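> return a 3D structure for these sequence lines:
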Amino acid sequence: MAEWLRDMSVGEWYRTDGDPFEIVGVDTKAEIVLVQHFDGTLEEYDFDSWLELAARSTPPPEDYSGALDIERDDYTEESDSQAGGGRWNDPLDFLDSR
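Prediction:
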């Protein structure tokens, strides 16, 4: 097995000149590296193309919303008491309210 392949694993982030991307799969038999770009698009590279890409390791982005296709307002943190007015305190109350 090639040295560069041993150092690579699923979940690691890389960058070329553009946005970062994450390795989401490596198939050693088919010699394919599957990556997911920050915007959520998937792309696969054969091993030769991966080497030509000359991607370098990078830390993961702090904001993962690019791949999730959601706006920041969609995932603001609220406590259950703020979001539901405490309706989750008793599951039977929730069922009776329908």
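> count of neighbours near Asp7?
9 (other Cβ atoms under 10 Å). Every residue, glycine included, has its C-beta placed from N, CA and C.
> then the one 4 residues further on?
Look at Gly11: counted by other Cβ under 10 Å, it has 8 neighbours.
> again, but for Trp50
As a burial measure, Trp50 scores 21 neighbours (other Cβ under 10 Å).
> just Ile23 next, same as before
Ile23: 18 surrounding residues under other Cβ under 10 Å.
> what do you get for the one 5 residues further on?
By the measure other Cβ under 10 Å, the count of residues near Thr28 is 11.
> could you measure from it over to Ala55?
18 Å (Cβ to Cβ, to the nearest Å).
> does Thr58 touch Pro20 like I think?
Yes - using Cβ atoms under 8 Å, Thr58 makes contact with Pro20 at a distance of 5.3 Å.
> and those two? which has more neighbours close in?
The neighbour count for Thr58 versus Pro20, taken as other Cβ under 10 Å, is higher for Pro20 (18 against 14).
> which residues touch that one?
Listed by Cβ atoms under 8 Å, 6 or more residues apart in numbering, the contact set of Pro20 reads 13-14, 38, 58, 60-61.
> a markdown table please, covering these and showing pLDDT, distance to Asp48 and secondary structure.
Converted to a markdown table, the contacts of Pro20 look like this (pLDDT from 0 to 100; distance: Cβ to Cβ, whole Å; DSSP: H, G, I helix; E, B strand; the rest coil):
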| residue | pLDDT | distance to Asp48 | secondary structure |
| --- | --- | --- | --- |
| Trp13 | 92 | 22 | strand |
| Tyr14 | 92 | 16 | strand |
| Phe38 | 81 | 24 | coil |
| Thr58 | 90 | 22 | coil |
| Pro60 | 86 | 26 | coil |
| Pro61 | 82 | 28 | coil |
